[in-house]
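Undergrad: okay, sequence plus prediction incoming.
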Amino acid sequence: MNSIISQNLGDNNSMKSPLTFSWIAIFSDGSKIEQFENNNEHSFQEVQNKINELVYFNLTDKQGHLFSVNVVQGLIGYNDLVFSYREVKEKKENVRLIFFRRHKVEITENNIEKSHNIEYHLGFQYNQNEYNRQIVLIIDSQGSWVLGE
């Protein structure tokens, strides 16, 4: 029987699509929670338990792609884009993290899994002039992304 970690890190099961991106949450006190750490997988619930202290939420892969959300200022960074040089033109109120994975599984008529692709949705929502706005990137397993809705 495979553990969750071996499934997510891509054990030898060719039909299971392993997670190519993992997350790291960084909090205002300097502490962090990494999704995979010391052969343990941390639950996203641990991040949600400290959501009011969250500063950065990062997605990274082994190919060097890095997507980062600054939930204090409401900014998204990609690879070498650094937040500190960015001037925030508008103050965003009530910034909240958006993060989820969408699995697309193709199954044959014999109920055999043909393909399994994972999309990562990463961004934030905020309030502006009493309206809820959101900015979300849809990221594929190769690190390509589009601006989603």
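TA: Structure's in. What do you need?

Undergrad: so the residue located most distally from the centre of the chain, which of the three states?
TA: The C-alpha centroid of the chain is most remote from Asn110, which lies 33.2 Å away (Cα atoms, centre = their mean). What DSSP: H, G, I helix; E, B strand; the rest coil gives for Asn110 is coil.

Undergrad: ditto for Trp23
TA: Trp23 ends up strand, using three-state DSSP.

Undergrad: the chain should start at 240 in everything you say after this.
TA: All right, first residue 240 from here; so that's Trp262.

Undergrad: can I get stretch 305-322 in PDB, CA atoms only?
TA: As requested, the backbone C-alpha atoms of stretch 305-322 are provided in PDB (Å, rounded to 0.1, in the frame of the first residue of the first chain):
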ATOM      1  CA  LEU A 305       8.000  29.700  -8.300                       C
ATOM      2  CA  PHE A 306       4.600  31.400  -8.000                       C
ATOM      3  CA  SER A 307       4.000  33.500  -4.900                       C
ATOM      4  CA  VAL A 308       1.100  35.400  -3.400                       C
ATOM      5  CA  ASN A 309       1.700  38.200  -1.000                       C
ATOM      6  CA  VAL A 310      -1.600  38.300   0.900                       C
ATOM      7  CA  VAL A 311      -0.700  41.400   2.800                       C
ATOM      8  CA  GLN A 312      -0.400  43.600  -0.300                       C
ATOM      9  CA  GLY A 313      -2.500  41.600  -2.700                       C
ATOM     10  CA  LEU A 314       0.300  40.800  -5.200                       C
ATOM     11  CA  ILE A 315       1.300  37.700  -7.300                       C
ATOM     12  CA  GLY A 316       4.900  37.100  -8.200                       C
ATOM     13  CA  TYR A 317       6.400  34.700 -10.700                       C
ATOM     14  CA  ASN A 318      10.000  33.400 -10.600                       C
ATOM     15  CA  ASP A 319      12.400  36.400 -10.400                       C
ATOM     16  CA  LEU A 320       9.700  39.000 -10.000                       C
ATOM     17  CA  VAL A 321      10.400  40.500  -6.500                       C
ATOM     18  CA  PHE A 322       7.600  42.100  -4.500                       C
END
